[in-house]
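In: This is a predicted model, with the sequence first.
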Amino acid sequence: MSWPLSVLYGAPHEPFWGAPSSHMNFCEEDYIVTTYIAEFFNTLTNLTYRMFIDALDSPGIIRAKRNNSIFDIATIPYWGLIGVGVASAAYHTVLNYHVSTLS
């Protein structure tokens with residue numbers, strides 16, 4: 001049975017960023033849409049999240065800018081949410097784990 005909005009994918013592309021080193025793999029096929037993005041739809045939703053959060057955070061940051069303090073303690077949550085969207089989109093793009101662990 002074929003779903004009305006389903007997409008038939010071909011074979012996975014060769015990863016541009018190298019083989020994924022992440023131990024976590026989500027419900028999406030890796031490098032199935034393009035050779036540059038490992039999890040295309042997860043990356044797309046994270047970028048959308050970032051744009052939505054930017055739209056909500058912009059008034060708070062602009063308000064702080066009027067007081068000449070965009071890096072004030074009151075703007076930490078705004079910058080944090082923007083960072084989450086950017087970092088998560090970057091992670092889903094490459095699926096590489098670059099943080100060294102203590103062992």
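Out: Perfect, thanks for sending it. Numbering: from 1, shown residues only.
In: mind listing the strands for the chain?
Out: Secondary structure of the chain (DSSP state E): no strands located.
In: Grab the most central residue of it for me.
Out: When the chain is reduced to its mean C-alpha position, the closest residue under C-alpha atoms, centre = their mean turns out to be A89, at 1.2 Å.
In: what's near enough to touch the residue nearest to that one when sequence neighbours are not counted?
Out: Spatial nearest neighbour of A89, excluding adjacent residues (C-beta to C-beta, 6 or more residues apart in numbering): N46 at 3.9 Å. All C-beta atoms are positioned from the backbone trio N, CA, C, and that covers glycine. Contacts here follow C-beta atoms under 8 Å, 6 or more residues apart in numbering; on that basis N46 touches G85, S88, A89, H92.
In: Now tabulate those in a markdown table and tack on pLDDT and distance to P59.
Out: Shown next, in a markdown table, are the contacts of N46 (pLDDT from 0 to 100; distance: C-beta to C-beta, whole Å):
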| residue | pLDDT | distance to P59 |
| --- | --- | --- |
| G85 | 77 | 17 |
| S88 | 81 | 23 |
| A89 | 81 | 23 |
| H92 | 80 | 28 |
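In: Check which residues of the least confident helix or strand in the chain by mean pLDDT are buried.
Out: Here the helix or strand of the chain ranked lowest by mean pLDDT, DSSP states H and E is helix 40-66, holding a mean of 76. Residues of helix 40-66 classed as buried: F40, N42, T43, N46, L47, Y49, R50, I53, D57, G60, I61, A64 (neighbour count, 16 or more other C-beta atoms under 10 Å).
In: Nearest to F26 among these?
Out: Sorting those by distance to F26 puts N42 at the head of the list, at 5.9 Å, by C-beta to C-beta.
In: that older thread, for the least confident helix or strand of the chain, what is the distance to the chain centroid?
Out: Chain-centre distance of helix 40-66: 12 Å, with C-alpha atoms, centre = their mean, to the nearest Å.
In: With stretch 74-83 instead?
Out: 16 Å.
In: what's the average pLDDT for it?
Out: Averaged across stretch 74-83, the pLDDT comes to 78.
In: Now do the contacts for G18.
Out: Contacts for G18 were tallied using C-beta under 8 Å, 6+ apart; they are N96.
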